[in-house]
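1. sequence first, predicted coordinates after that:
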2 protein chains.
Amino acid sequence: MADAVAAPIAFSGNPLDRADNLRADPDALAGMMNWKARLLLLDGLMPSMDDGGRLAWGTLADAPEDAELVFLGLDRADGGEKACFAAVPPQGDARPRMANPQLWSLMTSLAPDQLALYGGARSLVDWHARHRFCAQCGGSTKVAKGGWQRTCTKCGTEHFPRTDPVTIMLVEYDGKLLLGRGLGWPEGRYSALAGFVEPGETIEEGVAREVLEETGVVVRDVSYILSQPWPFPSQLMLGCMAYADDDAITLDETELAEAGWFTRDEVQAALEGRDDAPIVAPPPHTIAHQLFRWWIAQ
Amino acid sequence: MADAVAAPIAFSGNPLDRADNLRADPDALAGMMNWKARLLLLDGLMPSMDDGGRLAWGTLADAPEDAELVFLGLDRADGGEKACFAAVPPQGDARPRMANPQLWSLMTSLAPDQLALYGGARSLVDWHARHRFCAQCGGSTKVAKGGWQRTCTKCGTEHFPRTDPVTIMLVEYDGKLLLGRGLGWPEGRYSALAGFVEPGETIEEGVAREVLEETGVVVRDVSYILSQPWPFPSQLMLGCMAYADDDAITLDETELAEAGWFTRDEVQAALEGRDDAPIVAPPPHTIAHQLFRWWIAQ
């Protein structure tokens, strides 16, 4: 994608080697679960921080007894090789789960590689916590393949971590961009339209359907720009560009509070956070923000 | 994407209007479930065909009593408007589920719009059949939102149809393409490397990881080419192009039987099915085949 996106997109750039060949090797996994192994310290699903403002790590002794462990990968920094794990919170754990103000602040302060490592671990751990039972038969499941699978203890069905593709798109007409304000969003806060890809459609079809559903706008010439893993809980955001031949909007009021077309100057003003900006732009760690930047640079 | 791909990619181009606004409207849904509604006739998960070689339809009276119905969308052909449904097979139904030779033959004979309609319906129906229980608590789930959701009858958790993003990529070095033969595939049958996108990575990171894991080849300059919905059971195939700076291969023998580099002439010969072709190309309804065609046309 364009060089206009200066930094790597937030939540990408996980520095660990996922070492997937080790996942299917129970002996190798067991051999790594020793005193040298590192445990990512989580408070529920929230990260814990060390004094240097980086993710805090402990040892496997810090995991609750009988906790299920997931293998995040190998840390090959400093010439060594450390196996990194995270523990699935015990069933019924009421500690922080959802994104909250503390987390939004972390997104701007954590180094990109730290944020990526946390995001990937969070998605995986959260998936385990919400998949303790088999969707096929209702039996209980247990962790397998180092945390990259759960297996039903009753019927043997194998379940795999879920990643949900979501299209998010800029739509341009006459030099202006179609943006929307979601239901319940603060006054003035606008972003790109977005929606889950459904079974039976391409990315391009998903983009066209979503824009049509939410605004009645017909698009053409859909192109992919960049993607982002988004760990709340586990989306793959597919950033696209599309064009319209008409600017008439028919709002789907069950999805959006408002939608409108905004000029290059207006989007630029929003990115800069200027007082005269007609809208508030999404924050920098979002793919929408990066799409805005990319569009301005075209 | 390039015009080199003549026809729409297989399983895209569903002619139904998904009419998602109706899904959340129980009254509207109930109102559509009348004598005019059409039921896609399935034999397990296999399509039934009419005398004209098109998908066969019945009425809602053809669904098993108490069957869960999913709303596929509105058929607006011929100036009318018919609501289209499919029935989830009863629990324990042993009729055909997996892709079989009959289905592979259908893929070449069904009109593109018919194939797309069937593929989307198959993914959705199959998801329901495999998600009768709540992964969160083990309780039984029931269909909701016209089949675009299941809700737990015990804890109320909402579950949504799953779509799994998979990268599939051409890797080029010195004018040659890196292809692999999967374990158990017939001698000579090669395709593009592929793998599921994991939580915490972009499309581009997924491509690089997968190629590295399977062949030891390092890639750069990953670009997205085209996508395809693949209904076995419900993948979103993300076709990409990438480049390598070295052709040394270290095979992951748990994933691939063979991998090698093939020239433009060799790939062209395989696409034409020529006797002197060193490999057998994937069939035309696969995204790998379309990627091969795209690459040749570059």
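-> Thanks, I have it.
2. C-alpha from now on. contacts and neighbour counts both.
-> Noted.
3. helix, strand, or coil at the residue nearest to A:Leu117 when sequence neighbours are not counted?
-> Nearest residue to A:Leu117, sequence neighbours excluded (C-alpha to C-alpha, 6 or more residues apart in numbering or on different chains): A:Asn14, at 4.9 Å. At A:Asn14 the chain is in coil, as set by DSSP: H, G, I helix; E, B strand; the rest coil.
4. count the neighbours of A:Asn14 for me.
-> 21 (other C-alpha atoms under 10 Å in any protein chain shown).
5. how near is it to B:Pro199?
-> 11 Å (C-alpha to C-alpha, to the nearest Å).
6. now do the shared contacts for those two.
-> By the contact definition C-alpha atoms under 8 Å, 6 or more residues apart in numbering or on different chains, A:Asn14 and B:Pro199 are jointly contacted by A:Gly120.
7. pLDDT value on the residue of the stretch 1-150 of chain A found nearest chain B, please?
-> Nearest residue of the stretch 1-150 of chain A to chain B (C-alpha to the nearest C-alpha) works out as A:Gly120 at 3.9 Å. In this prediction, A:Gly120 carries a pLDDT score of 98.
8. what of A:Arg76?
-> A:Arg76 is given a pLDDT of 88.
9. who are the contact partners of it?
-> A:16-17, A:82.
10. let's see if you can find the most crowded of these.
-> Result: A:Leu16 is most packed of the contacts of A:Arg76 (other C-alpha under 10 Å), 18 neighbours.
11. please, which helix or strand holds A:Gln268?
-> helix A:264-271 (DSSP states H and E).
12. could you do A:Met98 as well?
-> Per DSSP H and E, there is no helix or strand for A:Met98.
13. quick one: secondary structure of A:Gly156?
-> Here A:Gly156 is recorded as coil under three-state DSSP.
14. what is the burial count for it?
-> Residues near A:Gly156, counting by other C-alpha under 10 Å: 14.
15. pull the number of nearby residues for A:Gly52.
-> Neighbours of A:Gly52 under the rule other C-alpha under 10 Å: 7.
16. so how far is B:Leu183 from it?
-> Counting by C-alpha to C-alpha - A:Gly52 and B:Leu183 are separated by 47 Å.
17. chain center to stretch A:235-255: distance?
-> From the chain centre to the centre of stretch A:235-255 is a distance of 20 Å (C-alpha atoms, centre = their mean, to the nearest Å).
18. so it, near chain B or not?
-> Yes - for stretch A:235-255, a contact with chain B is found by C-alpha under 8 Å from any C-alpha of the partner chain, at A:235-236.
19. now that stretch: mean pLDDT?
-> 97.
20. just give the closest residue to A:Leu226, not the sequence neighbours.
-> Leaving aside its chain neighbours, A:Leu226 sits nearest to A:Gly239 (5.1 Å; criterion: C-alpha to C-alpha, 6+ apart).
21. what residues does the stretch 151-298 of chain A have near chain B?
-> So far as C-alpha under 8 Å from any C-alpha goes, the stretch 151-298 of chain A lies against chain B at A:161-165, A:197-205, A:213, A:224, A:227-231, A:234-236.
22. where in chain A is pLDDT low?
-> Filtered on pLDDT under 70, chain A yields the residue ranges A:1-7, A:99.
23. tell me the domain ranges of it?
-> In terms of domains, chain A is parsed into A:1-129, A:131-161, A:164-297 (source: automatic domain parsing).
24. which one of these lies closest to B:Gly44?
-> B:Gly44 sits nearest to domain A:131-161 of all these, at 16.4 Å, using C-alpha to C-alpha.
25. could you pull out the helices for chain A?
-> A:20-23, A:26-32, A:101-109, A:112-129, A:203-215, A:264-271, A:287-297 (DSSP state H).
26. list the contacts for the nearest residue to A:Thr141 once chain neighbours are set aside?
-> Closest residue in space to A:Thr141, ignoring its immediate chain neighbours: A:Cys152 at 4.2 Å, by C-alpha to C-alpha, 6+ apart. Going by C-alpha under 8 Å, 6+ apart, A:Cys152 touches A:133-134, A:139-142, A:158.
27. as CSV, these with distance to A:Thr263 and neighbour count would be great.
-> Putting these into CSV (distance: C-alpha to C-alpha, whole Å; neighbours: other C-alpha atoms under 10 Å in any protein chain shown) gives the following:
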residue, distance to A:Thr263, neighbour count
A:Phe133, 50, 27
A:Cys134, 50, 31
A:Gly139, 55, 23
A:Ser140, 54, 20
A:Thr141, 52, 25
A:Lys142, 53, 19
A:Glu158, 50, 15
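28. from those residues, which land in strands?
-> Counted as lying in strands by DSSP state E, out of the contacts of A:Cys152, are A:141-142, A:158.
29. from A:His285, how far out is the most centrally placed residue in chain A?
-> Nearest to the geometric centre of chain A sits A:Trp230, at 0.7 Å (C-alpha atoms, centre = their mean). To A:His285, A:Trp230 is 10 Å away according to C-alpha to C-alpha.
30. same check, this time on A:Gly156
-> Where A:His285 is concerned, A:Gly156 sits at a distance of 40 Å (C-alpha to C-alpha).
31. one more: A:Ala244?
-> For A:Ala244, the distance to A:His285 - C-alpha to C-alpha - is 27 Å.
32. can you check A:Trp127 too?
-> 22 Å.
33. more neighbours, those two?
-> Just comparing A:Trp127 and A:His285: by other C-alpha under 10 Å the higher neighbour count belongs to A:Trp127, 23 against 18.
34. residues contacting the nearest residue to the more buried one once chain neighbours are set aside?
-> Leaving aside its sequence neighbours, A:Trp127 sits nearest to A:Pro161 (C-alpha to C-alpha, 6+ apart; 6.3 Å). A:Pro161 makes contact with A:124, A:127-128, A:148-149, B:198-199, according to C-alpha under 8 Å, 6+ apart.
35. what do you get for A:Trp127?
-> Contact analysis of A:Trp127 by C-alpha under 8 Å, 6+ apart lists A:161-162, A:233.
36. closest to B:Ala87 among those?
-> Distances from B:Ala87 to those, taken by C-alpha to C-alpha, are shortest for A:Arg162, at 25.1 Å.
37. wait, that closest one sits on B:Phe160?
-> No - contact between A:Arg162 and B:Phe160 fails when scored by C-alpha atoms under 8 Å: they sit 11.2 Å apart.
38. between those two, tell me which one has more neighbours.
-> Just comparing A:Arg162 and B:Phe160: by other C-alpha under 10 Å the higher neighbour count belongs to A:Arg162, 20 against 17.
39. any idea how far the more buried one lies from A:Glu198?
-> Applying C-alpha to C-alpha to A:Arg162 and A:Glu198 gives a distance of 14 Å.
40. nice, that's everything, thank you.
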